[in-house]
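Q: pasting the structure only:
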């Protein structure tokens, strides 16, 4: 057996391999363990092997594999359909699998220039909204009774944008911390509270921002159209509506998540943004994607209608004033 060069064990219903099972097979150059229900590989299972030309692990369902299990073996080619297994072999090894394009920021933004633009844009959005928030706070202290409702709405919109950019920065930081070994830590990242919190922040912002913008456009229209009698000038009235919006969106999100989660039977880790399979792998993600799209499209249309009516109303008022001035002069 010590001169054995080829071991083809595919389709043998192997569910476990004992420790040091390949000891004494120094001449082995081809190992095929594909299409077996292997769930785990213990740390020293390949103890004694030093060089393998071809290693086949395709269609195996590992849920536990040590990241340095192949560190002492010189493997020329690893054939597998699971990129996580590629992360366990030396960097010089050729591997057939590639990570999914949506599973890390380094894959989504493959070029360094794109990543730098994204980071710069995120930091700029965060800084501008933070400055606006501080400015609104200064105004509220200097003139507490003037344009209070306007300051409240603008501050809420700024806070929502800060929340969104913060969630993106957290994801980017996690990707940079884990580095090239992110795929190995994917389950760890998706199972922690940070990931689900980021998803919640991102989802609520994408649902709430269109509502806030619609409310702001409606408020401007009524304040200009009915400057003396509009309730939108009241800070208490505006605050009540904004709080109602937020609570309604939270309840709707939780209700939909609970309903779809119960139907689909997936774990919370499947709701981890942005490292989710966009190819219809999750009904929850599919529903939320369309919900956000509909909210934003409706918001764009509503804001345009309000602004057009506002311009028409201002033009009418301008004509009335001009006619009144002309009659007075006459």
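A: Structure received. Remember, it's a predicted structure, so these values are computed and weren't measured experimentally.

Q: which residues does residue 221 contact?
A: Shown in contact with residue 221 (C-beta atoms under 8 Å, 6 or more residues apart in numbering): 306, 309-310, 313. From N, CA and C alone the C-beta is placed, and that goes for glycine too.

Q: which of those are buried?
A: Buried members of the contacts of residue 221, scored by 16 or more other C-beta atoms under 10 Å, are 306, 310.

Q: show me the contacts of residue 221 that map onto helices.
A: 306, 309-310, 313 (DSSP state H).

Q: out of the contacts of residue 221, who's nearest residue 251?
A: Using C-beta to C-beta, residue 306 comes nearest to residue 251 of the contacts of residue 221, at 26.2 Å.

Q: give the contact list for the closest one.
A: By C-beta under 8 Å, 6+ apart, the neighbours of residue 306 are 214, 217-218, 220-221.

Q: in the stretch 201-330 of the chain, which spans are helices?
A: 235-264, 283-329 (DSSP state H, counting those that start in this stretch).

Q: now those helices as TSV including mean pLDDT and distance to residue 109?
A: Below are the helices of the stretch 201-330 of the chain laid out as TSV (pLDDT from 0 to 100; distance: least, C-beta to C-beta, whole Å):
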stretch	mean pLDDT	distance to residue 109
helix 235-264	77	27
helix 283-329	81	20
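
Q: want to throw these into CSV with distance to residue 55?
A: Shown next, in CSV, are those (distance: least, C-beta to C-beta, whole Å):
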stretch, distance to residue 55
helix 235-264, 36
helix 283-329, 35
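
Q: pretty sure residue 28 sits against residue 7.
A: Yes: here residue 28 lies in contact with residue 7, judged by C-beta atoms under 8 Å, at a distance of 6.2 Å.

Q: which one's more surrounded, those two?
A: For residue 28 versus residue 7, the count of surrounding residues by other C-beta atoms under 10 Å is larger for residue 28: 22 against 14.

Q: next, the angle from the helix or strand containing residue 156 to helix 235-264.
A: Element membership for residue 156 (DSSP states H and E) is helix 148-178. Angle, helix 148-178 to helix 235-264, by axes from the mean of the first three to the mean of the last three C-alpha atoms, to 10 degrees: 40 degrees.
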